[in-house]
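J.: Model the following, please.
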Amino acid sequence: MIQLYYYPLNASMAPHFMLEEISADFELIKVDRKNDGQKSNEYLALNPTGRIPTLVDDGKAIFESPAICIHLAETHPHYGLIPPLGDVNRALFFQWMMYLTNTVQAELMVYFYPQKHTQMVEAAINIASTQETRVTEMFALLDNELADRDFLVGETITACDFFLFMLAVWADEFKKPPLAFSNLSRYLKKMAKRASVARVCEKEGLSLADYQ
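T.: Coordinates of the predicted model:
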């Protein structure tokens, strides 16, 4: 059985979406993040970075959320969550997955934890404000990309869509949240109707009322 070490609404959310989408037989193991459970010796033996999530598949641990999503897509190819080798969209899949994780997610982490980037309280407030502007510009780019399109890559859903939905949830309290963009709003509301997304949000305690 697959095991997903997770914490609600954390970076484990995208892999959780994926597991539900592929109807996997899996066990959710909640990490006691509030008490630094991810820093325990037991957890560090699986994931030396001390971060969430970690997936254990056939006894082997994998960490980093996009790597887990790609692994699940590659090992369950009949669900079509990653374009196959030779498909023109495969390079685009990796382009957008890298953009979402290396750019959008990375900049969101600075927004959420500005104190890690300065020793001055006043500067931390300024960093957070600047980051919100930067990330909002990234959502504007994605909004433009989704004009007249249902999915980020090709004509069917991929792991990129689940990853983008997770990041959009994180930014829902921005002055201009993802739902304020016309194309993103349409896209996110359609994603929210997907059974796998609804099941994960119910398990992780996220209301989808704003996505109706």
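
J.: Over to residue 2: give its phi and psi.
T.: Backbone geometry at residue 2, expressed as degrees, to the nearest 10, gives phi -80, psi 140.

J.: That one contacts residue 26, correct?
T.: Yes - Residue 2 sits in contact with residue 26 when judged by CB atoms under 8 Å, with a separation of 4.1 Å. For glycine as for every other residue, the C-beta is placed from the backbone atoms N, C-alpha and C.

J.: list residues touching both of these two?
T.: residue 19 (CB atoms under 8 Å, 6 or more residues apart in numbering).

J.: So if I had to pick from the two, which one is more boxed in?
T.: residue 26 (20 against 16; other CB atoms under 10 Å).

J.: tell me the contacts of that one?
T.: By CB under 8 Å, 6+ apart, the neighbours of residue 26 are 1-4, 19.

J.: In strands, which of those appear?
T.: Judged by DSSP state E, these include 2-4 as members of strands.

J.: Which of these lies at the shortest distance from residue 203?
T.: Of all those, residue 4 has the smallest distance to residue 203: 11.0 Å, by CB to CB.

J.: List just the nearest of the contacts of residue 26 to residue 111.
T.: Using CB to CB, the contacts of residue 26 come closest to residue 111 at residue 4, 25.4 Å.

J.: And the closest one, how far from residue 79?
T.: As judged by CB to CB, to the nearest Å, residue 4 and residue 79 stand 17 Å apart.

J.: out of the contacts of residue 26, which are buried?
T.: Burial by neighbour count, 16 or more other CB atoms under 10 Å: within the contacts of residue 26 this picks out 2-4, 19.

J.: Burial check on residue 162, number of neighbours?
T.: Around residue 162 there are 26 other residues, counting by other CB under 10 Å.

J.: got the contact list for residue 163?
T.: For residue 163, the contact set (CB under 8 Å, 6+ apart) comprises 14, 65-66, 69, 97, 100-101.

J.: same thing but 10 Å
T.: Residue 163 makes contacts with 11, 13-15, 17-18, 65-66, 69, 96-97, 99-101, 104-105, 152, as judged by CB atoms under 10 Å, 6 or more residues apart in numbering.

J.: from what I can see, it looks like it's in a helix, true?
T.: Yes - according to DSSP: H, G, I helix; E, B strand; the rest coil, residue 163 belongs to a helix.
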